[in-house]
Each structure stands twice: as C-alpha cells, then as structure tokens.
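>>> what would the 3D arrangement of this be:
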Amino acid sequence: MNQNSSSWSDKYFQDQSFRIPNIQCPFDFSRNPVGKMVKPEYEIWVKDLIPKFYKAFLKEETLEYSVMALDVDRPELFLPMVKLTDWVFIIDDIVIEKGCCSKEYIDSLFDPEQPTKDRWSQAFWSAIDDLSACSVHPFLIDRIIEEAKQWSYSAVRGIHNIEWSNLSDIEEYCRFRSYESAAHLGLAIAMASRPDFTLTQDIMEDENFKQLLLKYGGINALVNDLYSFVSEFNDKSLSNYVKINCHVNGATIQESMQKVVEYVHRGYHEMELLANKIEHQFPNNQTLQQCIQCIKRITASTVGFCSVAPRYNDQANRKALIGKSNSVEAKTNTINIINQPTSDTITTSTTTTILRG
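Just a heads-up that it's a prediction; the model follows:
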C-alpha cells in the first residue's frame, strides 16, 4: 500500500473480516409521536423537491432521525425543523457529493436579500419562513442560517481541498471534524422549539462550554464515520477516520473501528463531566439546561439512527441515490462483515426501542 497516496485503495482491505463494535451511549432519547402526524406532508415535500430520487431517498428513512432527535410537540413547528434537517441530507447527496457546488453558489444560496432562485434555495428559505410563522426566536433563526451556511462551506471544502491523510491523529481529526460537523446545525434546529432562547455572552465564551461543543461535534462525526464505513468502502475519499487510520497508520479495519469506539466512549465521559461543570458554574439557567439536554439527546439519536439506518446499511440504495461512479457498491464477496449491527446489538441506554432511521 502506498501510504503517501492521498486516496483510499479498497483493494488492500477487501479480504479483511471485521465486526462493527457496539457503542454504549450514556445519554437517552425517546421517539417523538409527532413524526407520524407530519409524515404524509413530509413525503410530498420530498417528492416535490427531488422527483427523480425521492423513492430512493425515502427508503433511507431519514425522518426517523428527527423523530429521535427533536423534542417538539407542535406539528406545524416540527415539520419545518424536519425539512431543514433533511435539506442537509438531500443537498449533501444530490449536490455536494456530486461535486456540483462551489463557494460562490453557497454565497448566493444564503444571501437573504437575493438568494439563488433554485429548488434548493427555495426549499431552505421556505422552511425558514415557516419557522418565523411559528414565532421562533429571531436569534435562533439567525443561528440556523449561519450554521447551515458554515456546514455547506465545510462540506464543499471536504470534497475539494482537504488533505485527509494529514489528520491521522484521532484527537486532531476529531477537533477538525467538529468545526465542520452538521451536529452544530442539528443543535441550532433542535433549539428552535425553545421560544425564549438566550444564552448569555459569559456562557457562550466560557471555556468549558466551548470544549463541550467541540467534543460534541467531533464525537458525533466519529460515530458517523464508524457506521458509514461500509457504505463508503469503495469510495476513494479518505474522509473517514477508519480509513485514515488504516491507510496512514497501517491498522486493520477492526483495529481502526475499535480505536474509534474507545475514543467515542472517552468522549462521552468528557462531555458528561463538562456538562456538569457548566451547570455548576451557571446554576438554575433553564436555557443552558435545555441546550445541554439537546446536545445529549442528539448524541444518543446519532448512535440510534446511524447504527440501524438504511442510509448506512443499504449500499445498493445509496448507489441509486448518489449515482457516483466510485460510490457505494454491495461487494459482499469481498467485504466480510461479521454480525453487522442491528437494533438488537447496539446499546444506547435508551428507554425505548430503537427503530431503523
């Protein structure tokens, strides 16, 4: 294997057998029953937005992520939050992953005065308008727009400009991925249900709070890496730490997965310690408590969703959706996955049954 290469060579790893280790998340989520109420309208929205790909996208059941992650009891608010969440999944798959996006396009897409007048822009700003109609705090709407913009910039950089092989240290990789993780956008969306959201400047600038957000973004990115590895196995990109550790550090797939899981478990413990410190520093701050609650729920939902979602486990459907020549292929004759996880084998310490996401 040429370890100086900047791309993944799957041929060196095709004969390895591995078992995706269990992730034991100490945080909880419960499924939101509002999901069933909005599902028909949601599916119409998906069909209208991506008529060519909607069947393949709906098979990924991404609505289930929002059902796990969003604690909202108002259907009229839950639906635009779901649309914004799935807007990320869709534009990543249909636009960014196919290399059809530039910084200039993102500049225009997020220009509130003169946005690009295409279906992606219209879908985003329509959902934002729906949040405004539900009296969501303007500060939170601004945060959602800013986080969506920053995520889009980082996703485009990840496709074109990142030398992933330079991020073989897991701590450095986790820190880098945190800054471009969609988890921060997910947190901004989740907090939209809090009508009086305000975090004071002293909390926002507190070092422990910054470290909690940093750890939150990086750990959730690593969880995504673990469960998306199979569907990304044939993709030449190194934008997955399991791949990087194999490619640069000479580890086996199993060793790399175990390293990720051990780091994730340590990260959960550090997140809990940081959350306790912050709540002790700023006692009786309801907004801070809600924010930390959202962080924990999204973190648990990420494990619950990624571990069983068709998005990460149905390679053939991913190929139909993304359609890249070097994308997902179901090569069961060359990749030996032992006991690929199901909802029976993933432990997240939740009180409800984990359904496919």
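>>> pLDDT weak spots in the stretch 251-357 of the chain?
314-357 (pLDDT under 70).
>>> what are the boundaries of the strands in it?
336-337 (DSSP state E, counting those that start in this stretch).
>>> surely Arg119 touches Pro51?
No. In this structure Arg119 lies outside contact range of Pro51 using CB atoms under 8 Å: 10.0 Å. Backbone N, C-alpha and C define where each C-beta goes, glycine included.
>>> look at these two and report which has more neighbours.
Arg119 (14 against 10; other CB atoms under 10 Å).
>>> name the nearest residue to the more buried one, sequence neighbours excluded.
Nearest in space to Arg119, with sequence neighbours left out and distances taken as CB to CB, 6 or more residues apart in numbering, is Leu49 at 6.1 Å.
>>> tell me how many other residues crowd that neighbour.
Count around Leu49 with other CB under 10 Å applied: 20.
>>> again, but for the one 5 residues further on
Other residues lying near Tyr54 total 18 when counted by other CB under 10 Å.
>>> how many other residues sit next to the closest residue to it other than its chain neighbours?
Closest residue in space to Tyr54, ignoring its immediate chain neighbours: Lys47 at 4.4 Å, by CB to CB, 6+ apart. With neighbours defined by other CB under 10 Å, the count for Lys47 comes to 14.
>>> cool, and the one 3 residues further on?
A total of 21 residues lie near Ile50 under the criterion other CB under 10 Å.
>>> surely it meets Phe57?
Yes. With contact defined as CB under 8 Å, Ile50 reaches Phe57; the gap is 6.1 Å.
>>> identify the contacts common to these two.
Jointly contacting Ile50 and Phe57 under the rule CB atoms under 8 Å, 6 or more residues apart in numbering are Ile90.
>>> so Ile23 lies in a helix, does it not?
No. Per DSSP: H, G, I helix; E, B strand; the rest coil, Ile23 lies outside any helix segment and is coil.
>>> report how many residues lie close to Pro299.
Quick fix: residue 299 is Thr, not Pro. Here the number of neighbours of Thr299 (other CB under 10 Å) works out to 29.
>>> is it true that it touches Ala275?
No. Contact criterion CB under 8 Å: Thr299 and Ala275 do not qualify, at 10.7 Å.
>>> helices of the stretch 1-150 of the chain, start to end?
34-49, 54-59, 63-69, 75-91, 103-109, 119-133, 138-160 (DSSP state H, counting those that start in this stretch).
>>> buried deepest among the ones you listed, which one?
helix 63-69 (a mean of 25; mean count of other CB atoms under 10 Å).
>>> would you put the C-alpha positions of it in CSV?
Taking Å, rounded to 0.1, in the frame of the first residue of the first chain, the C-alpha atoms of helix 63-69 are listed here in CSV:
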residue,chain,number,x,y,z
LEU,A,63,-37.3,11.2,9.1
GLU,A,64,-36.6,8.8,11.9
TYR,A,65,-33.5,10.8,12.8
SER,A,66,-35.7,13.8,13.5
VAL,A,67,-38.2,11.6,15.4
MET,A,68,-35.4,10.6,17.7
ALA,A,69,-33.6,13.9,18.0
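>>> run through the neighbouring helices and strands of it.
Using 3 or more CB pairs under 8 Å, 6 or more residues apart in numbering; DSSP states H and E, the elements in contact with helix 63-69 are helix 34-49, helix 75-91, helix 286-306.
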